[in-house]
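S.K.: 3D, please:
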Amino acid sequence: MEKKPKLVYITRKEHFNAAHRLYNPTWSDEQNEAFFGKCANKNYHGHNFDLYVTLKGYADANSGMVMDLKKLKLVIKEQIVDQLDHMNINEDVPFMKGQLASIENIVVAIWDRLEPFIENGKLHCIKLVETERNYVEYFGEE
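M.R.: Got it, this is the predicted structure:
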């Protein structure tokens, strides 16, 4: 009797450092400061971000893998880490232009950049950790 394939989840963790500012240009400086507090600082502020990229799928019969983690590492490096590491997210990151640089918007933008490069399996979750107490998870849902 042939074994039925099992759905598995694989995760790759990466790290980058970046600065951003929470600021809505349609609001006054006073409104931004009242709403975003120190995060609206005109000189920006930075974080040491941890990024978790989780795929789901069935292990290939020949390789035993959902996706080669070396390939996934390279995709994340090229599409995300190289674009964000030691950058000002508001000013230097083309895929964030015109968006408020909240962690919620960043995690959705990361999903949108990575999804076309997932060769096997399916993107399941992007988790972006901003501080030890704050993180966002996105599952591709509207």
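
S.K.: so how far is the first residue of stretch 55-66 from its last?
M.R.: 8 Å (C-alpha to C-alpha, to the nearest Å).

S.K.: confirm Val53 sits in a helix?
M.R.: No. The assignment for Val53 by DSSP: H, G, I helix; E, B strand; the rest coil gives strand, which leaves it out of any helix.

S.K.: ok, now how distant is it from Lys73?
M.R.: The spacing between Val53 and Lys73, counted by C-beta to C-beta, to the nearest Å, is 9 Å. Where you see a C-beta, it was placed from the backbone N, CA and C, and this is true even at glycine.

S.K.: the more surrounded of those two?
M.R.: It is Val53, of Val53 and Lys73, that has more neighbours when counted by other C-beta atoms under 10 Å, with 24 against 15.

S.K.: who are the contact partners of Val81?
M.R.: Counting by C-beta atoms under 8 Å, 6 or more residues apart in numbering, Val81 touches Glu14, His15, Phe16, Leu51.

S.K.: what comes up buried for stretch 13-22?
M.R.: For stretch 13-22, a neighbour-count test (16 or more other C-beta atoms under 10 Å) marks Glu14, Phe16, Ala18, Ala19, His20, Arg21, Leu22 as buried.

S.K.: would you map the helices across the protein?
M.R.: 29-36, 69-76, 82-84, 89-92, 103-114 (DSSP state H).

S.K.: go through these and name the closest to Phe139.
M.R.: Nearest to Phe139, of all those, is helix 103-114, at 8.7 Å by C-beta to C-beta.

S.K.: dig out what Glu137 forms beta bridges with.
M.R.: Beta bridges link Glu137 to Lys127 when assigned by DSSP bridges.

S.K.: show me what contacts it?
M.R.: The contact partners of Glu137, by C-beta under 8 Å, 6+ apart, come to Val107, Cys125, Ile126, Lys127.
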